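Q: predicted model follows, preceded by the sequence.
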Amino acid sequence: MNKLLLATHNPAKIRELKLGLQELKKSGIKLVTLKSLKIRSKPRETGKTFRENAVIKARYYANLSRLPTVADDGGLSIPFLRNEPGVRSRRWLGFEASDEQLINYTLSQLKGVSLKLRRAYLETCICFYKPGYNPQGLIKNEPANPEGCVICEQEKIHGYIAEKPCPQYAKGFPYRALLIVKKFNKYYDELTEVEHQAINHRLKALKRLVKKIKSNIIK
């Protein structure tokens, strides 16, 4: 394996994926993007869970590019709202909404709701998919797959939804602008770099994923 496709059109996610996959890059693996391959299409995300959608995306782009691929799916879950928006996090309004639209809609759904009922968590599932490779059950907790190698890792950040968004927030991650992180009792987007590294769910999942890839795929 000398190339790995980062299967997202979101520039903010690409930056985090590159950061979390540095160990593979140091091993000589080139990280390539959909943009660099001129791939503009998107699969239908029909999964009922973050894991199912992550696998759908990773398999779709791996088969399209014939490259090992990393894709993720994730979003916000609010127990008071029956775990909405969940897998519909970006499409909660019925279409691919902007950051501002999602922030405003979330706040409208929780208007007047007490703080103790505003608990929420951000969740991500990262999936590595390598076409035409069957590990025969060598990877713990990942069954053999005749279509290819599938490795998934999931992680969460717990907190609660604030009554107004953080004054300054990172583009591409609208729900982070609303989440007060339980561990630090601060807006996600107000965390210091050290605090962010300590709780970042995508980076935690990627760290475990990289370890499995290095142990089982590029021994």
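A: Here it is on my side, so go on. Numbers count the residues shown, from 1 in each chain.
Q: so where do the strands sit in the chain?
A: For the chain, applying DSSP state E gives strands covering 3-6, 30-33, 69-78, 84-85, 119-131, 148-161, 179-181, 186-187.
Q: show me what the closest residue to C152 other than its chain neighbours is bridged to.
A: Counting by CB to CB, 6 or more residues apart in numbering, C152 lies nearest to C127, which is 4.9 Å off, once chain neighbours are set aside. Placement of C-beta: from N, CA and C, glycine included. Per DSSP bridges, the residues bridged to C127 are A71, C152.
Q: burial measure for C127, as a count.
A: 28 (other CB atoms under 10 Å).
Q: now swap in L102 and tell me
A: 22.
Q: residues in contact with it?
A: Going by CB atoms under 8 Å, 6 or more residues apart in numbering, L102 touches S89, R90, W92, L93, P174, Y175.
Q: what about it, distance to L122?
A: 13 Å (CB to CB, to the nearest Å).
Q: try M1
A: M1 sits at a distance of 30 Å from L122 (criterion: CB to CB).
Q: angles on the backbone of the residue sitting furthest away from the middle of the chain, please.
A: Seen from the C-alpha centroid of the chain, the residue lying at the greatest distance (CA atoms, centre = their mean) is G112, 29.9 Å away. Dihedral pair for G112: phi 80, psi 0, per degrees, to the nearest 10.
Q: then R91?
A: phi -110, psi 30.
Q: look up the closest residue to L117, ignoring the ones flanking it.
A: Leaving aside its chain neighbours, L117 sits nearest to F80 (4.7 Å; criterion: CB to CB, 6+ apart).
Q: and that neighbour, what does it touch?
A: Going by CB under 8 Å, 6+ apart, F80 touches L110, V113, L117, R118, R119.
Q: L4 now?
A: Residues near L4 by CB under 8 Å, 6+ apart: L21, L24, I29, K30, L31, V32, L67, P68, T69, V70.
Q: just the buried ones from those, in ChimeraX syntax?
A: Selection of buried members from those for ChimeraX, criterion 16 or more other CB atoms under 10 Å:
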select :21,24,29,31,67,68,69,70
